[in-house]
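Novice: quick one: sequence and predicted model below, then my questions.
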Amino acid sequence: MPQLQNLVLTDRATTPVAHTFTPRDISNGVASVIETSGVPVGENRLSLSMRRTATKMKGRLVLTMPIVQNETINGITRPVVVRTAIASVDVTYDPTSSEQERTNLMGMLADSLGTGKVLVHDTFVKLQAVY
């Protein structure tokens with residue numbers, strides 16, 4: 001069973017930046033790690049869970065990245081979330097699946113998200129429709 005721990009994720013900026021997510025909490029079986037600047041509004045958050053149903057194993061990962069801008073009203077400046085990007089991954093396994101089957105699925109999923117995979121990249125990043 002993995003322990004809640006720091007998670008370092010590298011973005012795809014021109015000069016890539018490593019983002020360190022630190023443990024926040026575990027609530028109702030959902031673990032959360034956050035990247036914070038010290039102000040809770042606008043924290044990047046990754047949540048992760050695995051639950052068992054009567055017939056399946058169901059996992060969920062959600063990465064939430066809010067964009068914050070300062071808003072000044074009557075001379076008072078405060079951070080405000082102006083938009084949020086959210087990515088989620090849901091996995092469902094049969095209890096009889098092998099570890100190698102699950103490893104292969106994760107490997108293929110990770111590979112499908114590479115910048116060289118034009119079908120997925122241009123759909124998700126360039127917001128193009130598939131034809």
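Specialist: That came in fine, so what should we check first?
Novice: show me this structure divided up by domain.
Specialist: Taking automatic domain parsing as the domain assignment, the ranges for the chain are 7-95, 98-131.
Novice: may I have the beta-bridge partners of the residue nearest to the spatial centre of the chain?
Specialist: For the chain, the residue sitting closest to the mean C-alpha position, by Cα atoms, centre = their mean, is residue 63 at 2.2 Å. Each beta-bridge partner of residue 63 is listed here: residue 46, residue 87, as defined by DSSP bridges.
Novice: what sits against it?
Specialist: Contact partners of residue 63, counting by Cβ atoms under 8 Å, 6 or more residues apart in numbering, are 44-46, 86-88. Where C-beta positions appear, they are placed from N, C-alpha and C, glycine not excepted.
Novice: and the pLDDT for it?
Specialist: Confidence per residue is given as pLDDT, and for residue 63 that number is 98.
Novice: from residue 85, how far off is it?
Specialist: Residue 63 is 8 Å from residue 85, where distance means Cβ to Cβ, to the nearest Å.
Novice: swap in residue 125?
Specialist: 11 Å.
Novice: for residue 64, same thing?
Specialist: 8 Å.
Novice: higher neighbour count, those two?
Specialist: When neighbours are counted by other Cβ atoms under 10 Å, residue 64 comes out ahead of the other of residue 64 and residue 85, with 16 against 10.
Novice: the more buried one reaches residue 88, doesn't it?
Specialist: No - the pair formed by residue 64 and residue 88 falls short of the contact definition of Cβ atoms under 8 Å, at 9.1 Å.
Novice: in which helix or strand would I find the closest residue to residue 61 other than its chain neighbours?
Specialist: Distances taken as Cβ to Cβ, 6 or more residues apart in numbering place residue 89 nearest to residue 61, at 4.5 Å, with adjacent residues excluded. Following DSSP states H and E, the helix or strand that holds residue 89 is strand 76-93.
Novice: likewise residue 102?
Specialist: Counting by DSSP H and E, the secondary-structure element that holds residue 102 is helix 99-112.
Novice: quick one: work out the angle between that helix and strand 76-93.
Specialist: For helix 99-112 against strand 76-93, the angle by axes from the mean of the first three to the mean of the last three Cα atoms, to 10 degrees is 140 degrees.
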